[in-house]
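J.: Sequence and predicted structure, then a few things I'm wondering about:
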Amino acid sequence: MGVIYIGDRYAGKTHLALELANPVHECVKVLSPGYNDLKSILCDPATGSTNPTSVMQPRQIDIQVRLPAGAGKVLVDWIDTPGEMWRLKWQQDNPLLWQQFLDVIKQSEGIMLVLSPYGEMIGANGNPDDFPTFQQWYKRFERWVEFFRAYCPNLRHLLICLNKADLFCDVKQESARLAYNTDSYMMNWHQRHNYILDHYFRPVKPQLEQLNRSINGLSVRCFITTIYDRSLLEIPWIYLGSFLSN
Amino acid sequence: MGNIRIIGPRSSGKTTYLAALAYLPKASGEKSYFKIEPVGEDAKKLAAEAENIICLSESLTPTGVRTKDIFSLPVYQFTIDVKLPLRQPERIDLVVRDYPGEIFDELEAGNIDEVHQAFMQDCFMSDVEGCLILLSKWEEGSDRFYKRVFNQFLELMDNEGRGSNLRIAIAMSKCERGELWPGRIEPEVDLFGLHLPDTKALLESRIPAKNLAFFAVSTFGVLRRDDPRPNRTDEMGYDGKVSVLRQPKIWQPYGMMAPLYWLNSGKRIKHNV
């Protein structure tokens, strides 16, 4: 059972995955590949920054998640996709690769979609001009909804992560509010989802509800993530682990 | 060995019922008359799902969407030690199969697909002792729908030679709902007689009385004895809306064991057990 990990260009997918493998963890531990191995694959040794994904790259990641009933293992077939892949031109220029990708995604029961925030959300820590405008983001989101409806009939768990939360909210405060704690449940999954939906996904709420209804058996959940807060980074994976772990 | 099958419409709470059965012994301690032990990989996985998913107010993945054929259908096994007052202790080995709810829709349409036909044949095999049928709808129109379904179901049952030798427990699920909760004490009269009279009459006319019984089941239960609000809320989820547990720490199901015990032994116990 593969989990597909996809997202917009410059949404920070690669960095997010790399940070997940950081040995300093809470409930989610990447068993393989190790942090250094992953870093050597994903980062430019000269600059230390992550390489943009240029080719479709299937990778396997073994993740262990600590859940209330004990540790569970999630086997992730991570198909790291170049951001350009979502452009029509790339799909037309690479029909075989595109079809190959669709064949995989059609079978998938779990998808983690990483989105960047839009410029109007960005606070003092970032430059709004580095991000799409709300209008562009909104259009792009609608295309994602169409994509899932058209190509993902078997999809059961869609996790939408609005990444770079450090640029649009008080991370410390949100992390404390949304924290997952196996001993005392602060928020349950629904409360967490509803809070994020109301605060960060409100403009696309109708699209999310429509998507939930249009694929039989699908559950859509929204998250905010950042590499600067371990708790927020892990929460979507804990959610996935609850359903897809062995 | 008690071979039991569970069927019912989509979202009638079949898998959640079994998950509660697998998990709640761990949560309810020693006071129960029934000591339930999940046995085997499938039942233990279900118990873990109850703890990881239901107790965190999420809902399980619907069975239909993870079932490709009869071989991929999980087999849930339980060992149940029963110690009822004034009765000899007994042990029940229960083997339960839970079919996807889509079968119910297909029965109504009279057009069952190949995979689901295999499920129905499995349901009526000679070593199956009984079938628990969970129904969740009671609103207007439900009676006609269920009657059409049972017409097909009873015909298949007769064709497989099980018309007179298969116990059928009909349970109204999700009885924590305010409209149904007061009817839980006498479900035959106050739930089925009142809301599904034609379905009830059809079943009574085709199944020998000793093989038919009516029950009220509430997997989530209500908040407290003096606060009968449902211990559930409706949230956005699979197919639009799903019901999830409201307060996991006071989770107290109602009437879970009574139908299973009757299916296995033919004996009735208190309705609220």
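T.: Sure thing, it's come through.
J.: and chain A, which residues reach chain B?
T.: By C-beta under 8 Å from any C-beta of the partner chain, the residues of chain A that approach chain B are A:67-70, A:72, A:109, A:154, A:156-157, A:185, A:188-191, A:193-194, A:209, A:212-213, A:216-220, A:241-243. Any C-beta I mention is one placed from the backbone N, CA and C, and that applies to glycine too.
J.: Now, of those, which are buried?
T.: Among those, the ones that count as buried by 16 or more other C-beta atoms under 10 Å in any protein chain shown are A:67, A:69, A:72, A:109, A:156-157, A:185, A:188-191, A:193, A:212, A:216-220, A:241-243.
J.: I'd like the average pLDDT over the host helix or strand of B:Leu202.
T.: Assigned by DSSP states H and E, B:Leu202 belongs to helix B:197-206. Averaged across helix B:197-206, the pLDDT comes to 97.
J.: what's in contact with it?
T.: Residues outside helix B:197-206 that contact it (C-beta atoms under 8 Å, 6 or more residues apart in numbering or on different chains): B:143-144, B:146-147, B:150-151, B:154, B:163, B:168, B:170, B:188, B:192-193, B:212, B:214.
J.: Just these: which are in strands?
T.: If you go by DSSP state E, the contacts of helix B:197-206 have B:Ile168, B:Ile170, B:Leu212, B:Phe214 in strands.
J.: export these to a markdown table and tack on distance to A:Phe148?
T.: Putting those into a markdown table (distance: C-beta to C-beta, whole Å) gives the following:
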| residue | distance to A:Phe148 |
| --- | --- |
| B:Ile168 | 41 |
| B:Ile170 | 39 |
| B:Leu212 | 45 |
| B:Phe214 | 43 |
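J.: Close to chain A as well: tell me which of those residues qualify.
T.: Among these, chain A is touched by none when using C-beta under 8 Å from any C-beta.
J.: and those residues, which two are the farthest apart?
T.: Farthest apart among the ones in strands among the contacts of helix B:197-206 by C-beta to C-beta are B:Ile168 and B:Phe214. That separation is 9.8 Å.
J.: Quick one: list the elements packing against the lengthiest helix in chain A.
T.: Longest helix in chain A by number of residues (criterion: DSSP state H): helix A:134-151. For helix A:134-151, the elements it packs on are helix A:95-107, strand A:110-115, helix A:205-214, judged by 3 or more C-beta pairs under 8 Å, 6 or more residues apart in numbering or on different chains; DSSP states H and E.
J.: got the CA coordinates for the longest one in PDB?
T.: So that's helix A:95-107. This file holds the C-alpha atoms of helix A:95-107, laid out as PDB (Å, rounded to 0.1, in the frame of the first residue of the first chain):
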ATOM      1  CA  PRO A  95       3.600  11.100 -22.100                       C
ATOM      2  CA  LEU A  96       5.200   7.800 -21.000                       C
ATOM      3  CA  LEU A  97       6.400   9.100 -17.700                       C
ATOM      4  CA  TRP A  98       3.100  10.800 -17.100                       C
ATOM      5  CA  GLN A  99       1.100   7.600 -17.800                       C
ATOM      6  CA  GLN A 100       3.500   5.700 -15.600                       C
ATOM      7  CA  PHE A 101       2.800   8.100 -12.800                       C
ATOM      8  CA  LEU A 102      -1.000   7.900 -13.300                       C
ATOM      9  CA  ASP A 103      -0.900   4.100 -13.200                       C
ATOM     10  CA  VAL A 104       0.700   4.300  -9.800                       C
ATOM     11  CA  ILE A 105      -1.500   7.000  -8.400                       C
ATOM     12  CA  LYS A 106      -4.700   5.300  -9.600                       C
ATOM     13  CA  GLN A 107      -3.900   2.400  -7.200                       C
END
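J.: Check which helices and strands that helix sits against.
T.: Packed next to helix A:95-107, using 3+ C-beta pairs under 8 Å, 6+ apart, are strand A:70-80, helix A:134-151.
J.: quick one: it to strand A:70-80, angle?
T.: Interaxial angle, helix A:95-107 versus strand A:70-80 (axes from the mean of the first three to the mean of the last three C-alpha atoms, to 10 degrees): 160 degrees.
J.: And the contacts of helix A:95-107?
T.: Residues from elsewhere that reach helix A:95-107 (C-beta under 8 Å, 6+ apart): A:2, A:4, A:56, A:77, A:79, A:81, A:85, A:90-91, A:111, A:151-154.
J.: Kindly give a single ChimeraX line that selects the buried subset of the residues you listed.
T.: Buried subset of these, written as a ChimeraX selection, criterion 16+ other C-beta under 10 Å:
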select /A:2,4,56,77,79,81,85,91,111,152
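J.: out of the contacts of helix A:95-107, what pair is the most spread apart?
T.: For the contacts of helix A:95-107, the farthest-apart pair by C-beta to C-beta is A:Trp90 and A:Asn154; their separation is 24.3 Å.
J.: Now do the helices in chain A.
T.: A:13-20, A:35-42, A:88-93, A:95-107, A:134-151, A:171-178, A:189-200, A:205-214, A:230-244.
J.: I'd like those helices laid out as CSV, including mean pLDDT.
T.: Listed next are these as CSV, based on pLDDT from 0 to 100:
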stretch, mean pLDDT
helix A:13-20, 89
helix A:35-42, 85
helix A:88-93, 90
helix A:95-107, 89
helix A:134-151, 94
helix A:171-178, 95
helix A:189-200, 92
helix A:205-214, 89
helix A:230-244, 93
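J.: okay if I get these as a markdown table plus distance to B:Phe34?
T.: Supplementary listing: the helices of chain A in a markdown table, determined by distance: least, C-beta to C-beta, whole Å:
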| stretch | distance to B:Phe34 |
| --- | --- |
| helix A:13-20 | 43 |
| helix A:35-42 | 48 |
| helix A:88-93 | 58 |
| helix A:95-107 | 41 |
| helix A:134-151 | 44 |
| helix A:171-178 | 38 |
| helix A:189-200 | 30 |
| helix A:205-214 | 37 |
| helix A:230-244 | 27 |
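J.: which one of the ones you listed lies closest to B:Leu245?
T.: Using C-beta to C-beta, the helices of chain A put helix A:189-200 closest to B:Leu245, at 10.0 Å.
J.: CA atoms only for the closest one - export them in CSV, please.
T.: What follows is helix A:189-200, C-alpha atoms only, in CSV (Å, rounded to 0.1, in the frame of the first residue of the first chain):
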residue,chain,number,x,y,z
TRP,A,189,-8.4,14.4,14.6
HIS,A,190,-11.7,16.0,13.7
GLN,A,191,-11.2,19.0,16.0
ARG,A,192,-7.7,19.5,14.6
HIS,A,193,-8.9,19.2,11.0
ASN,A,194,-11.8,21.6,11.6
TYR,A,195,-9.5,24.2,13.3
ILE,A,196,-7.1,24.1,10.4
LEU,A,197,-9.9,24.2,7.9
ASP,A,198,-11.4,27.2,9.5
HIS,A,199,-8.2,29.1,10.0
TYR,A,200,-6.1,28.3,6.9
